[in-house]
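>>> Build me a structure from this.
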Amino acid sequence: MLDNRFTQHQSVVDKYVNPAASYSMTTRDYVVRADATAGAMTITLPPVAEATGREYSILARVATSVKTVTVQDKNDSESWPGDYVLNANDDFVMLKSDGMKWSLVSADAATLLAYAKIARGTHTSTTASDTVVTGLATVIAVVVSFRGVPSLTHMFNVADIGDQAGAPAAGSILLKSYKPTGSGDVTPIGATTPWAAVDWIAIGT
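Coordinates of the predicted model:
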């Protein structure tokens, strides 16, 4: 009885692996810590459809410009940007499947700069929380700043990438605008018209 319960428990526990050679991931390999000491290696992601809603982290414990760790899909992902090549210790990528494609969730700075795209624009809100379509497939980070002049009806801005899966949709951001509650009270509440124009810069894929 106890053996059976242990086996059942073990089958659902998230796990990590430490491959030292090329490795094909299963849907349970949530963390891969690759060691390319022996030579260049390739990590193949699990089937994109079977990994729906799951995130996977692939870290290069040991890697160089020659002994690289390449992360590839199984040629089953829409809009695959090209294989990710990790070429330094502690380089990493975190990828999420929506059932049809892999999206980059996070990465070390060098990898992010090598593979990410940048979009920018100007938006004038019409509500205290506007959805802005960036043109990117997935947004990883966003910053905003006033282009117009702040006023008592619109004094603060915050941008939120949300879950990129409906709140807001992938590739969009939430631009939230605030104003002070009143004279002598700077507690932020939703902004109201007239609105000031806001510049945004989004990083993603």
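
>>> The protein: helices as residue ranges?
Defined through DSSP state H, the helices belonging to the chain, from first to last, are 2-12, 109-115.

>>> Which single strand of the chain contains the most residues?
Of all the segments of type strand in the chain, defined by DSSP state E, the longest one is strand 172-182.

>>> If we go by neighbour counts, what in that one is buried?
Within strand 172-182, the residues scored as buried using 16 or more other CB atoms under 10 Å are 172-180. Just so you know, the C-beta spots here come from the backbone N, C-alpha and C atoms, and that holds for glycine as well.

>>> shaky segments in this protein?
With pLDDT under 70 as the threshold, the chain has low-confidence stretches at 1-14.

>>> domain parsing for it?
The chain is divided into the following domains under automatic domain parsing: 2-115, 117-204.

>>> how long is the last one end to end?
In domain 117-204, first residue to last residue: 5 Å (CA to CA, to the nearest Å).

>>> How about stretch 156-171?
Between the opening and closing residues of stretch 156-171 lies a distance of 23 Å (CA to CA).

>>> what are the bridge partners for residue 84, then?
Listed by DSSP bridges, the beta-bridge partners for residue 84 are residue 71.

>>> For it, give me its contacts.
58, 70-72, 93, 107, 111, 115 (CB atoms under 8 Å, 6 or more residues apart in numbering).

>>> Farthest-apart pair in those, please.
Spanning the widest gap among these are 72 and 107, at 15.3 Å by CB to CB.

>>> between these two, which one's more packed in?
Set residue 72 next to residue 107 and count neighbours by other CB atoms under 10 Å: residue 107 wins out with 22 against 17.

>>> so what's the more buried one up against?
Residues near residue 107 by CB under 8 Å, 6+ apart: 84, 91-94, 115-116.

>>> Among those, which one has the most neighbours?
Neighbour counts for those, by other CB under 10 Å, peak at residue 93, which reaches 25 neighbours.

>>> Could you list which residues are in contact with that one?
With contacts defined as CB under 8 Å, 6+ apart, the neighbours of residue 93 are 57-58, 71, 84, 86, 104, 106-107, 111.

>>> same thing but at 6 Å, please
With contacts defined as CB atoms under 6 Å, 6 or more residues apart in numbering, residue 93 is in contact with 58, 71, 84, 107.

>>> Report how many residues lie close to residue 145.
Under the neighbour criterion other CB under 10 Å, residue 145 is assigned a count of 10.

>>> Show me what the closest residue to it other than its chain neighbours is bridged to.
Distance criterion CB to CB, 6 or more residues apart in numbering; nearest residue to residue 145, sequence neighbours excluded, is residue 199 at 5.4 Å. Beta-bridge partners of residue 199, counted by DSSP bridges, are residue 122, residue 145.
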